[in-house]
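# curious how this folds, go ahead:
(one chain, ligands or ions: 1)
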Amino acid sequence: MSAVISKFTTKVILALDYSNKNQALELINNLDPAIYRLKIGKKMFSLFGKSLVVQIKNLGFDIFLDLKFHDIPNTVFGAVSAAADLGVWMISIHISGGSKMLQAAKLALNPFKKDTPLLIGITVLTSFTEQDLREVGINSSITNQVLMLSRLAKQNGLDGVVCPGEESMNIKEKLGFGFKIVAPAIRLIEDPAYDQKKVITPKLAKKFNIDYIIVGRTVTFSKNPLNKLKKITSFL
Ligand code: C5P
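From the prediction side, this is the model:
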């Protein structure tokens, strides 16, 4: 489906977590869809819905609809089917929903043939520490938990996972280089982490063979978002 031909091996997905649609469009209008993909998450989808997806898609961008589905298999089947119907390029679901939910998501994509979006599983959020894992009853290390969930995703036919960038090489070595890695929490040295705990620089993202970096507040909170985005891309 993707029309994007990029010279970068690590590609950029810009997270559009704006409250103001015009602010988002102002930035998007200065971007080349051959280089940048766009992510619409829970905030902008709740605010502007399907019409925003269609509007941005019509500008030629590949869209990652990051709604992180996690529900009973039947509900996820319906949600994935509806999301794929929007013509998006990538969809996210929580791997911790288990294999029956993952299989339902895969099944929902069957009718889409060559227009099938990439199905990407969420492992452990980059805002999590091991203490946060303990709080929800998980006693593994982040590395083991991410790997276990990535294996489950691969076994159930997902295309890749979202994970802390530093886990990328371990997953690629164990599950193969074709299994896609998407890493959020990208920061330049001078940037604040905000609520993220597992931040990495774009330079390291490239070194770790990450397929897609999600770039959010480091750009959207910047005084000059376009310059900041270009600076990040210059490391890839
Ligand atoms: O750069 P920043 O921290 O703002 O990026 C956060 C973006 O990445 C948000 O849109 C968030 O939903 C998304 N994301 C994440 N962790 C994941 C998946 C997506 O932070 N596991």
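# helices of this protein, start to end?
Remark: helices assigned in the chain by DSSP state H are 21-28, 42-57, 73-85, 99-109, 130-135, 142-155, 168-175, 202-207, 217-220, 225-233.
# neighbours around the nearest residue to A193 once chain neighbours are set aside, how many?
The spatially closest residue to A193, leaving aside those adjacent along the chain, is V199, at 5.0 Å (CB to CB, 6 or more residues apart in numbering). Heads up, the C-betas are built off the backbone N, CA and C, glycines and all. Using other CB atoms under 10 Å, V199 is surrounded by 22 other residues.
# can you tell me which residues contact V199?
T126, A185, I186, R187, D191, A193 (CB atoms under 8 Å, 6 or more residues apart in numbering).
# interface residues of this structure facing the ligand?
For the chain, the contact set with the ligand under CB under 6 Å from any ligand atom comprises 15, 17, 41, 66, 122, 125-126, 162, 184-186, 194, 196, 214, 216-218.
# and the residues you listed, which are buried?
With burial judged by 16 or more other CB atoms under 10 Å, the buried subset of the residues of the chain next to the ligand is 15, 17, 41, 66, 122, 125-126, 162, 184-186, 196, 214, 216-218.
# once you drop chain neighbours, what's closest to whatever residue of the chain ends up closest to the ligand?
At 2.4 Å from the ligand, G216 is the closest residue in the chain, using CB to the nearest ligand atom. Spatial nearest neighbour of G216, excluding adjacent residues (CB to CB, 6+ apart): A15 at 3.7 Å.
# so what sits opposite that neighbour in the bridge?
Beta-bridge partners recorded for A15 (DSSP bridges): K39.
# picking that back up, show me the two of the buried ones among the residues of the chain next to the ligand that sit farthest apart.
The span of these, defined through CB to CB, is set by I122 and T218 at 20.4 Å.
# make JSON lines from the contacts of V199 and add pLDDT to it.
Output for the contacts of V199, formatted as JSON lines (pLDDT from 0 to 100):
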{"residue": "T126", "pLDDT": "96"}
{"residue": "A185", "pLDDT": "96"}
{"residue": "I186", "pLDDT": "96"}
{"residue": "R187", "pLDDT": "96"}
{"residue": "D191", "pLDDT": "94"}
{"residue": "A193", "pLDDT": "96"}
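# alright, that wraps it up for me.
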